[in-house]
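>>> need a structure here:
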Amino acid sequence: MKRRNVYIGMALILLVTAAVFTLLFMNESKAVPTGLQNVLDPSGAPQFSLQLNGEFDTTLNKPMDAAVTDSFIYVTDTNNKRVMVFDQGGSLLYHFGEAGKEEGQFNFPYGIAADAKDRVFVADLYNGNISIFDKKGKFIEYFAQKYTNDKLITTPAGLRIIDDKVYVTDIEASRAFVFSIEGELLLEIGKPGSENGQFIAPNAITADKEGNIYVVDTGNQRVQVFDEKGKFIKIINGSNGGGESPFVNPRGIGIDSRGTLYVVSNLTHIVYGFDTDGKQVFQFGSMGEANGQFYLPNGLFIDNKDNVYITDTLNQRVSVFK
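Numbers count the residues shown, from 1 in each chain. The predicted model follows:
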């Protein structure tokens, strides 16, 4: 009888201990978001990881966009008329570019992208061209120069390279373009306006695994989706394509390996996430200077490990989320 009571007592102690640890774990999970939560909730928002802002006299001033390779993180340091280069740990390595209109110089470096050969493409909104550099910042040539010379493109902004195709937006022309990596025009999308397939000051651009094209139609507060041939598919604006959009001056855009679409709402300092059907699944960020907060975020890049890089223009930094 005594032995039975001992066993019952031990069992009760184990049950109470398990219950206490369960409650502690649940409370800790609520208080501090962890990577485990993203595993348990694969549609969840990423968590803040680190910041990039330069060093001493080489700090960022209005970073507009970022691009990431296996070795480097490139950031357009727009007010300083240069590109800053960081390693994967966030340490500043070097920078290239200076103010001007000649080869290797910038007036308003905006969109940035890198190709499979580690060449770096930089769209200059005010100079009206796209420059190509090697990974160390040596100028090589202008991209698709005959189209900029002919003024088909005058204010290039958004820039992404996906599967050897170069995607570009032109803010003043209210158009989007797709080029081959050699600089031949493959597709032209849109014209000024507010109807489906029309844009007002489009900013960022990207494409998914199927080749569908996503254009941030900034002036119309929405994202428009087209197939690989430029045929309009749908609108994503946070309200199932209709109704009032939560976006206020949307800017950066990216798609992770899950197919989740990220969109930066610049004037509300929020990043929204949408599933493949265009339904909102999360949002993160708010106005402020703390980790995970933004002050007029602009560019967004997602690397091959699903790390999310967001340029935070007035906080003069790049915030990285995992």
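
>>> neighbours of the closest residue to residue 181 other than its chain neighbours, just the number please.
Once flanking residues are discounted, residue 181 sits nearest to residue 164: 4.4 Å by CB to CB, 6 or more residues apart in numbering. For glycine as for every other residue, the C-beta is placed from the backbone atoms N, C-alpha and C. By the criterion of other CB atoms under 10 Å, residue 164 has 11 neighbours.

>>> Surely residue 164 and residue 117 touch.
No: with contact defined as CB atoms under 8 Å, residue 164 does not count as touching residue 117 (10.1 Å).

>>> Give me the pLDDT for the nearest residue to residue 104 once chain neighbours are set aside.
In space, and not counting its chain neighbours, residue 104 is closest to residue 139: 3.7 Å by CB to CB, 6+ apart. Per-residue pLDDT puts residue 139 at 98.

>>> give the contact list for residue 139.
103, 104, 131, 132, 133 (CB atoms under 8 Å, 6 or more residues apart in numbering).

>>> out of the residues you listed, which are inside helices?
Judged by DSSP state H, the contacts of residue 139 include no members of helices.

>>> Now list the buried members of the residues you listed.
Among the contacts of residue 139, those classed as buried by neighbour count (16 or more other CB atoms under 10 Å) are 131, 132, 133.

>>> so how far is residue 176 from the second one?
The reference is to residue 132. 20 Å (CB to CB, to the nearest Å).

>>> same question, the first one
Residue 131 sits 20 Å away from residue 176 when distances are taken as CB to CB.

>>> repeat for the last one
Counting by CB to CB, the gap between residue 133 and residue 176 amounts to 24 Å.

>>> what pLDDT does the closest residue to residue 175 other than its chain neighbours get?
Leaving out its chain neighbours, the residue that sits closest to residue 175 by CB to CB, 6+ apart is residue 190, at 4.9 Å. Residue 190 carries a pLDDT score of 97 in this model.

>>> List the buried residues for stretch 60-71?
For stretch 60-71, by 16+ other CB under 10 Å, it's 60, 62, 63, 64, 65, 66, 67, 68, 69.

>>> So which of the residues you listed are in strands?
63, 64, 65, 66, 67, 68 (DSSP state E).

>>> per-residue pLDDT, the last one?
Looking back up the chat, that one is residue 68. Reported pLDDT for residue 68: 98.

>>> ditto for residue 239
Residue 239 is given a pLDDT of 72.

>>> tell me the contacts of it?
Here residue 239 is in contact with 245, 246 (criterion: CB under 8 Å, 6+ apart).

>>> pLDDT weak spots in the stretch 201-322 of the chain?
Along the stretch 201-322 of the chain, the parts satisfying pLDDT under 70 run over 240-243.

>>> Likewise for the stretch 1-150 of the chain?
1-43.

>>> Hmm, residue 197 and residue 174 touching each other?
No: Residue 174 lies out of contact with residue 197 (CB under 8 Å); the separation is 11.1 Å.

>>> which one of those two has more residues nearby?
Using other CB under 10 Å as the criterion, residue 174 and residue 197 rank with residue 174 on top: 21 against 16.

>>> Between which two of the buried residues of stretch 60-71 is the distance greatest?
62 and 69 (22.8 Å; CB to CB).

>>> May I have the secondary structure class of residue 117?
Look at residue 117: counting by DSSP: H, G, I helix; E, B strand; the rest coil, its state is coil.

>>> and if you look at residue 306?
Three-state call for residue 306 (three-state DSSP): coil.

>>> quick one: it from residue 281, how far?
Taken as CB to CB, the span from residue 306 to residue 281 is 15 Å.

>>> Residue 300 now?
Separation of residue 300 from residue 281 (CB to CB) stands at 16 Å.

>>> Can you name the residues that contact residue 271?
262, 263, 264, 265, 283, 284, 285, 294, 297, 300, 308, 310.

>>> and the fifth one, what helix or strand is that in?
It refers to residue 283. strand 280-284 (DSSP states H and E).

>>> outside of that strand, which residues touch it?
43-46, 238, 260, 270-275, 292, 321.

>>> now, among the residues you listed, which is nearest to residue 220?
Comparing the contacts of strand 280-284 against residue 220 with CB to CB places residue 238 closest, at 12.9 Å.

>>> now the residue nearest to residue 104: how far from residue 74?
Note on residue 139: its distance to residue 74, by CB to CB, is 15 Å.

>>> What are the boundaries of the strands in the stretch 101-250 of the chain?
Applying DSSP state E, counting those that start in this stretch to the stretch 101-250 of the chain gives strands spanning 105-106, 109-114, 120-124, 129-133, 139-142, 156-162, 165-170, 175-180, 185-189, 205-207, 213-217, 222-226, 232-236, 250-255.

>>> Of the ones you listed, which is nearest residue 52?
Of the strands of the stretch 101-250 of the chain, nearest to residue 52 by CB to CB is strand 109-114, at 13.8 Å.

>>> Mind listing residues that contact that closest one?
By CB under 8 Å, 6+ apart, strand 109-114 touches 64-69, 74-78, 81-83, 97, 120-125, 135, 156-161, 166, 168-169, 204, 299.
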